[in-house]
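Peer 1: Any chance you can model this:
(one chain, ligands or ions: 1)
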Amino acid sequence: MLYYPTYFECYPRKLMTLTFIIQNDEVLLGMKNRGMGKGKWNGFGGKKEPNESIFDAAKREVKEECGLDAISMKKIGFIDFEYVGSNEILEGHIYLCDKFKGHIVESDEMAPIKWFKINQFPLDNMWVDHKLWFPMVLKQIPFKAHFKYLDDDTIVDSTIKLLRIFKKTKEIWVNVIVKKDNKILISNNLEESKIFKRHQYVKKGESLENAALSYLKSNYEITTEEVPKIAVINVELTDNYSIPSIIQEIHMFVMDVSKLKKFTQSNDYRWTNINNAQFFADKKFLSTLCKMKPFKAYFLMDNDDVLCSKYYNN
Ligand SMILES: Nc1ncnc2c1[nH]c(=O)n2[C@H]1C[C@H](O)[C@@H](COP(=O)(O)OP(=O)(O)OP(=O)(O)O)O1
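Peer 2: This next block holds a predicted model:
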C-alpha cells in the first residue's frame, strides 16, 4: 500500500502547467534560458494566470514557448513540487499533446527547440524528477506525484501513485536471502541484478513459512526448522497496466547461516558483499533487509527501473 503524503495539504498552491508534444517516436523539448529550470531541457509550461483555466494556461504556454497551436491535449499527471524551506506547493499539471498545427518558433526564454527520439532523451540535462514519471506520460498512465526538493538538483523524498480505475489483483510470493555477516549467497547462474526476481509463488492453502522453507531447501539445499520473515513488499509494475492489474506482494525471509550448526554451501552459489549485490536500481534494499529488523516497502517498477520506493517500519 502506498500512502500519499498529506502534511502539506494546508500549504498555499501555485498552479503550473507542463506539456509534452509528441509525434511518432519523438518528443519536442526546449532549452530553458531563464527562470526555474534554467539550463535544462523541458516541455513547455509555466504559471497559470488569474481568470484562466488550467487547460487554457497549458495551451497558452505551448504557444508562447514554442509557437505551436495545441489541438489535442490530454491531462496525464498531477505533481506537487515542494522545496525544503518553502511552505508553498507548486502544483504541476502534466499534459500530453499529440495533435498540433503551426511552426516552431524559438524565443529568448526557450532556445534551441529540438525533437528528441524517445529513447535518446537528454535525461541527464532535465529536471531530475522527469526520469521518474516520464514513462507514465509515454504509456498514458494517469499518475499523481509528490517531489520534495532540497535544491534544484536534489530530491529528498518522492511518491508516485498510479491513478487507476481498474481492480488490482494480488499475487503472493516468497523469497529467501541467505546471509552471513555482510555477504549474501548468489547463484552462479544468475545475474546479480536479478536476484530479487527469483520469487516463488505461494500455492493456495500453503503457509508463507512452509513456502519459505521449501524455497530454502530447493534453491540452497538448506534444511532448517524456521527462517525469520523480515519484510513484506508490494511491487507495482507499470507494464501490467491492464485489466486487472497485478500487485506482487512479496514476503522476504532472511536465513542467517552463521546461526546454523551445520551448513554446506552448494557449488552453484558464491558469496557476494551486500554492497556489491544489486537489487534492481534500489541499492538500499539488501542492506536494509540484512539488518534483520522487520519492515514494509513499496516499489513502483518500470521494467527493471525503480520509479518510486518507500520504506515503512513495521
Ligand atoms: N522541480 C520543478 N520545480 C518547478 N518547476 C518544475 C519542476 N520540474 C518541472 O518540470 N517543472 C516545470 C513546471 C513548469 O512548466 C516549469 C517552470 O515554470 P516557470 O519557470 O515558473 O514558468 P515560466 O513560464 O517561466 O514563467 P511564467 O511564464 O509563468 O512567468 O518547469
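Peer 1: Near the ligand, which residues of the stretch 101-250 of the chain are found?
Peer 2: 127, 129, 149 (Cβ under 6 Å from any ligand atom). In short, each C-beta sits where N, CA and C put it, glycine included.
Peer 1: So which of those residues wins on neighbours?
Peer 2: Per-residue neighbour counts (other Cβ atoms under 10 Å) across these peak at residue 127, which has 22 neighbours.
Peer 1: pretty sure that one is in contact with residue 42, am I right?
Peer 2: Yes. In this structure residue 127 lies within contact range of residue 42 using Cβ atoms under 8 Å: 6.8 Å.
Peer 1: Give me the below-cutoff pLDDT ranges for this structure.
Peer 2: 165-166, 190-197, 240-244, 278-281, 314 (pLDDT under 70).
Peer 1: pull the longest strand from it.
Peer 2: Across the chain, the longest stretch assigned as strand under DSSP state E is strand 69-83.
Peer 1: got the CA positions of the helix or strand following it in CSV?
Peer 2: Using DSSP states H and E, the helix or strand that follows strand 69-83 towards the C-terminus is strand 89-101. Output in CSV follows, covering the C-alpha atoms of strand 89-101 (Å, rounded to 0.1, in the frame of the first residue of the first chain):
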residue,chain,number,x,y,z
ILE,A,89,3.4,23.9,-3.2
LEU,A,90,3.9,24.2,-6.9
GLU,A,91,1.1,22.2,-8.4
GLY,A,92,2.1,21.0,-11.8
HIS,A,93,-0.5,19.7,-14.3
ILE,A,94,1.1,17.5,-16.9
TYR,A,95,-0.3,17.3,-20.4
LEU,A,96,0.4,15.2,-23.5
CYS,A,97,-0.2,16.8,-26.9
ASP,A,98,-0.3,14.6,-29.9
LYS,A,99,-2.0,17.0,-32.4
PHE,A,100,-0.9,20.5,-33.2
LYS,A,101,-0.5,23.0,-36.0
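Peer 1: What residues of whatever helix or strand comes next after strand 89-101 count as buried?
Peer 2: If you walk from strand 89-101 toward the C-terminus, the next helix or strand you reach (DSSP H and E) is strand 110-117. For strand 110-117, the neighbour count (16 or more other Cβ atoms under 10 Å) marks 110, 113 as buried.
Peer 1: Make residue 1 into 49 and carry on from there
Peer 2: Renumbered: residue one is now 49, and that last one reads strand 158-165.
Peer 1: so what strands line up beside strand 158-165?
Peer 2: Using DSSP bridges, the strands paired with strand 158-165 in its sheet are strand 74-80 (antiparallel).
Peer 1: quick one on the thing from earlier: which member of the residues of the stretch 149-298 of the chain next to the ligand is positioned nearest the ligand?
Peer 2: Closest approach to the ligand among these (Cβ to the nearest ligand atom): residue 175, at 3.8 Å.
Peer 1: Over to the closest one. Which of the three states is it?
Peer 2: In the three-state summary, residue 175 is assigned as coil, counting by DSSP: H, G, I helix; E, B strand; the rest coil.
Peer 1: For it, grab phi and psi.
Peer 2: The phi and psi values for residue 175, taken as degrees, to the nearest 10, are phi -50, psi 140.
Peer 1: so residue 208 sits right up against residue 182, yeah?
Peer 2: No. The pair residue 208 / residue 182 is not scored as a contact, 11.2 Å apart, by Cβ under 8 Å.
Peer 1: The two: which is more packed in?
Peer 2: In terms of neighbours (other Cβ under 10 Å), residue 208 is the more surrounded of residue 208 and residue 182; the figures are 24 against 21.
Peer 1: For the ligand, see how far away that one is.
Peer 2: As for residue 208, its distance to the ligand is 14 Å (criterion: Cβ to the nearest ligand atom, to the nearest Å).
Peer 1: centre of the chain versus the strand or helix carrying that residue, how much separation?
Peer 2: Under the criterion DSSP H and E, the helix or strand holding residue 208 is strand 202-210. If you compare the mean C-alpha spot of strand 202-210 with that of the full chain, they lie 8 Å apart, counting by Cα atoms, centre = their mean, to the nearest Å.
Peer 1: and it, which strands flank it?
Peer 2: In the sheet, strand 202-210 lines up against strand 191-199 (antiparallel) (DSSP bridges).
Peer 1: contacting residues around the strand it pairs with?
Peer 2: Residues from elsewhere that reach strand 191-199, judged by Cβ atoms under 8 Å, 6 or more residues apart in numbering: 52-53, 56, 124-132, 177, 180-181, 184, 203-211, 356.
Peer 1: pull the CA atoms of that strand into CSV?
Peer 2: Extracted as CSV, the C-alpha positions of strand 191-199 are listed here (Å, rounded to 0.1, in the frame of the first residue of the first chain):
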residue,chain,number,x,y,z
PHE,A,191,-0.5,9.5,-12.1
LYS,A,192,-0.2,11.7,-9.1
ALA,A,193,3.3,12.5,-7.6
HIS,A,194,5.0,14.5,-4.9
PHE,A,195,8.7,15.5,-5.1
LYS,A,196,10.4,17.2,-2.3
TYR,A,197,13.5,19.1,-3.5
LEU,A,198,16.4,20.2,-1.3
ASP,A,199,17.7,22.3,-4.2
